[in-house]
Each structure stands twice: as structure tokens, then as C-alpha cells.
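1. requesting a structural model of the entry that follows:
(one chain, ligands or ions: 1)
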Amino acid sequence: MKTDESGQGQMDRLLRRLERERRARAQAETLLEERSRQLYLANHELALLASALEQRVEERTQELVAERERAVALARQDQLTGLANRRNFNDFLSAACSRVWARSGRVSVFLVDVDDFKHINDAHGHEAGDAALTEVARRLSCLSHSGLAARLGGDEFAVVCIDLATEEQEKALAKSIVETLKQPYAFGARSLSIAVSVGHASLPDHANSSAELMRHADMALFASKKAGRATATAFSDDLRDEAEERRLLELELVLALDRGEIVPWYQPIVEGAGRTPKGVEVLARWNHPLRGVVLPSLFLPLAEERKLLGAMFISLFRQACREIGPLISAGKLSYLSVNASPSQFRAGGFAALIQLLLQETGFPPKALVVEITEDVIMTDLTRATREIDELTRLGVRIALDDFGTGYSNIASLSRLPIQWLKLDRSLIARIGDGHVEQAIVRAVLDMARALHIDVVAEGIETERQAEWLISAGCRRHQGYLYGRPTPFDALRDFLSSHAIKHASTG
Ligand SMILES: [Mg+2]
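-> Sure thing, here's the model as predicted:
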């Protein structure tokens, strides 16, 4: 019985244990299933993340590539006009020249420069200037065929062509650039016009390298600029010789100033019926050791380019004060007239410079006349007025030079303290032509009288001109009839001989 009972008990315990183990296994299985599910989900999420990351990396890579391409394009493009920039142009040109050397063909370069671009900016504002440049760019791109149009900087453009076979075709394109760009362009409601100068050269006809090609096209452009607005010039050997000559002269000019070879010459200004020399105008001459006397028309533009005008003016002014000062103290002359260059006047500080020079030389301000040209006044009336007022305060007189050649605004003239008008030689040369020309000069003389401005007639060459002017009331004269510009010694002789003549006739 006991055995039966204990056998039953053992069985129960076994069953309970089995049951416990079954439950534990079931629990473990559920847990395992749950864990696997979680693991699966986590894995799936991870896979999604990985794929998203991969896609983002791909997108970013594409963005970076695009940005780099944009940056490369921008570095080769002019921001304002969208044309190729100088770097891009140089690369294209070098490649084109290398191709011509390797095989055959022809590279033509056209340098294009807007005439008086500063005037567009000054007169109509920078937006109009930008619109003009954009318009030039648009028209040049249309004209550049299979070549490349570029903006090299400022108002300088260039076109390089590889499909022009002859110099005739080049000339035709240069002409059509000038003509096409001459057409007015719309700026807001206004219609503005521009003009360009073009210089062109080609390889292999005119040059052996891209650098030489550019240099020669630039020489041709310089010739166009010199010839006036809206012209095209092809490079020629003569242009190279001229440029070489100019370069040589430029180098010599720097030395000439140091060596004191730039000297004042003097042209007398006479007054009244006795035609008495009362003053002199200082004119620059270059005593060149080999070339002899060089005229200012040849070296002043070079001096302007090399920014030597300021130094040249100071040197001439000092020499002139030293030579003419004693004649003024002795009562042999009443005034000295000097020419202020437009660039000097525009740079500002001109009146202050004159004040310093007058103090340094002890030259009397009342005996000094400063000649300025109309364009100095008209391009920047405010600055001109300030400088002229300051000069007038010093006691210096102001003469308006070359009157009749520019576009003087008579209303502005009446507001400026100008003491003299110098009638340009071109007006004087025409007074023998007829009534209309005489009427014009008479009208200027009447106007000057009304404004209490004295008139000096320049470029008088004949007795008839002199007599007519005196009869019209103009008694202050300058010109070859009375005396050419001369060095100081000759001027002194001229003054003494006039004094002797005057004494003997008077
Ligand atoms: Mg003058």
C-alpha cells in the first residue's frame, strides 16, 4: 500500500515537473519568437536607414559635382555679360593658335573698345553703362560665328575667329562690328547710342604667337582710337614701327624730364593798337639731344599715358617763373599764361598746387593766368567751379582756352569767374571766308563783352585778320603774325627789339 502510494506520488511529481518544463519551454519559445521578430524589425529598419543614407550620399555627390561645374563655369565667365572672361579667352586663343601651327588655318583676333565709355556712365549713370556693356556683349556673340566673344575687362571686349579665310573677310567682319554696335539701344524709355573702335590682326599673317597676335591687334586698336570714333583698323608693319618709335620715345621722355630737356618756350600776347607784348603763354618743348626740338603734339600724349604731366607741369612752371618773374618785376611784361591739362584739373588739388608753387617761386599771383579748356569745365562742373573759385581767391586769372571748338554751355560760363576767353585759331582762320563766319566771331565778342570777359584771339597769321579783329573790338592778339613760340633768350631779344622799335616810332 505504502509502495503504491509512494509510486503514485512520484508519478504526480514527475507529471508536475513535466508540466513545468513544458510551460517553461513554451515561454522560452514565445520569448524567442518575440526576440526574433524584434530583431527582424530592427534589421529591416537598419536596411532602410542604410538605403536612405546611400541615397543621400548619392544626391550630395551629385550636388557637389554640379556646384563644382558651376564654379568652374563662373570662373571662366564674365559675371555681368555672361561672355567668356579673359582667362577663358586666353585658353581658347592659345588652343586655336596651337591648332593652326599643328595643321593649318587662320586665327583672327578683334579687340573692341567702347568709345568714351566714361561719358555714358557720367551722363546716364552706371545702370546705363551696364546696359550698354550687356548690349555690346549680346551683339558681339551674334557676330562671333564659330569663334568666341569675350569681355576682357571694363569696356574692353574681344572676338577670336577661326573660320575666316582671308584678310578681306576679316576687314568685313571688323566693319560689321563697328556698324552693328553703332545701332542705338534701348535703356528704359530712352534710346542711347554707343560707338566702338576695333583693331584686328591674324595668325600666321601678322604674328607668330598668341601673345604677339594680341599685341598687334592692340596696336591696331590704338590706331583706331587715334583716328577718332567708330573705326576699324587692321594691323600693318607701319603700325608696329610707329608703336616701336612711340615706346622708344616714351622711355626717353622719362629720362628727358630728369635731364631737364623739357623746357618752356614762350609765345607773346600783344595788346592795343601799338601791338605791345604784354604777356606770354608758356608752351612745352622737348630739346631732344638727337631729334632736335620735339613738338608737344608728339610727346604730351605720351606724358599723359605715363602719368608724367603733373611732374612736367611743375618743372615748366618753376622754370617759367624763374625766367619771366624778373621781366614782370621790371615792368617789361604783365602776365604769364600757363596751360592746365584736363587730367590734371580733374585729379583735384590743382589750386592747392598752384598756391604752393607761387609761394615757392615768389611769383606774383596777379601776374598769372591759368588756361583751361572747355571740356574740363563741362565734364565736371562742380569740381571745376571749386578749383576755379580757389584760384580766383589766390588772385590768379582764369582763361578759357580753345573757345569755339567744344560745346560750352554759355549759362555755365556766365556763372564762372572767368576773366578771359581765348578764341580758337579755327574761328580766326575762318573770318576771311565771309559774312557768316565774321558774324559768329562778332557774336562771341558781343557775348564776352556782356559777361565782362576779355577776349584773346589766337592763331592770327595775317594783317587782314588783325585789322578786322581790331575793328570788331578785339585788341588782345596772339599768333605767328606777332611771334612764334621761342626759347627764353629769343623772347628777351624780341622784347628789347620791340621796345627799341616802339621808342623810335613813339
Ligand atoms: Mg593755350
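
2. name the residues of this protein found near the ion, please.
-> Asn339, Glu371, Asp401 (C-beta under 5 Å from the ion). C-beta coordinates here come from the backbone N, C-alpha and C atoms, glycine included.

3. now with 8 Å, please.
-> Residues of the chain lying close to the ion by C-beta under 8 Å from the ion are Glu281, Leu283, Ser337, Asn339, Glu371, Ala399, Asp401, Asp402, Lys422, Glu458.

4. now whichever helix or strand Ile120 is part of: average pLDDT?
-> For Ile120, the enclosing helix or strand under DSSP states H and E is helix 117-124. What helix 117-124 shows for mean pLDDT is 83.

5. can you list contacts of it?
-> Contacting residues not belonging to helix 117-124 are listed as Val114, Ala128, Gly129, Ala132, Gly154, Asp155, Phe187, Arg190, Leu192, Ile194, Thr379 [C-beta atoms under 8 Å, 6 or more residues apart in numbering].

6. narrow these to those in helices?
-> Among the contacts of helix 117-124, the ones falling in helices (DSSP state H) are Ala128, Gly129, Ala132, Thr379.

7. lowest pLDDT pick from the residues you listed?
-> Out of those, that is Thr379, at 72.

8. show me how far the helix holding Ile120 is from its chain's centre.
-> Centroid separation between helix 117-124 and its chain, computed with C-alpha atoms, centre = their mean, to the nearest Å, is 11 Å.

9. can you start the count at 12 instead of 1 from here on
-> Done: numbering now begins at 12, and the last item shifts to helix 128-135.

10. returning to that earlier point: neighbour count added to the ones in helices among the contacts of helix 128-135, as JSON lines?
-> Below are those laid out as JSON lines (neighbours: other C-beta atoms under 10 Å):
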{"residue": "Ala139", "neighbour count": "17"}
{"residue": "Gly140", "neighbour count": "22"}
{"residue": "Ala143", "neighbour count": "22"}
{"residue": "Thr390", "neighbour count": "16"}
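
11. hey, where'd the strands end up in the stretch 212-361 of the chain?
-> 243-245, 273-282, 287-299, 303-305, 346-350 (DSSP state E, counting those that start in this stretch).

12. with mean pLDDT and mean neighbour count added, can I get those in a markdown table?
-> Listed next are the strands of the stretch 212-361 of the chain as a markdown table, based on pLDDT from 0 to 100; neighbours: other C-beta atoms under 10 Å:
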| stretch | mean pLDDT | mean neighbour count |
| --- | --- | --- |
| strand 243-245 | 94 | 24 |
| strand 273-282 | 96 | 23 |
| strand 287-299 | 95 | 20 |
| strand 303-305 | 92 | 13 |
| strand 346-350 | 96 | 22 |
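
13. so which of the ones you listed comes closest to Leu480?
-> Nearest to Leu480, of all the strands of the stretch 212-361 of the chain, is strand 273-282, at 11.5 Å by C-beta to C-beta.

14. one step back: quick one: which of the ones in helices among the contacts of helix 128-135 is nearest to Leu151?
-> Out of the ones in helices among the contacts of helix 128-135, the member with the shortest distance to Leu151 (by C-beta to C-beta) is Ala143, at 12.4 Å.

15. separation between that closest one and Val452?
-> 38 Å (C-beta to C-beta, to the nearest Å).

16. what's the weakest-modelled helix or strand in the chain?
-> helix 421-426 (a mean of 72; mean pLDDT, DSSP states H and E).

17. which elements pack onto the following helix or strand past that helix?
-> Elements were assigned by DSSP H and E; along the chain past helix 421-426, the next helix or strand is strand 431-434. Here strand 431-434 touches strand 408-414, helix 446-461, strand 465-468, going by 3 or more C-beta pairs under 8 Å, 6 or more residues apart in numbering; DSSP states H and E.

18. wait, which of those is closest to Ala267?
-> Closest among the helices and strands packed on strand 431-434, using C-beta to C-beta: strand 408-414, at 24.8 Å.

19. CA atoms of that closest one as CSV?
-> The C-alpha coordinates for strand 408-414 follow below in CSV (Å, rounded to 0.1, in the frame of the first residue of the first chain):
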residue,chain,number,x,y,z
ARG,A,408,43.2,134.9,-63.5
ILE,A,409,41.4,132.1,-65.5
ALA,A,410,41.3,131.9,-69.3
LEU,A,411,39.0,129.6,-71.2
ASP,A,412,41.3,128.1,-73.9
ASP,A,413,40.4,127.0,-77.4
PHE,A,414,37.0,128.6,-77.2
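
20. now the nearest residue to Val125 once chain neighbours are set aside: phi and psi?
-> With sequence-adjacent residues excluded and distances taken as C-beta to C-beta, 6 or more residues apart in numbering, Val125 is closest to Asp166, at 3.9 Å. Per-residue torsions, Asp166: phi -110, psi 30 (degrees, to the nearest 10).
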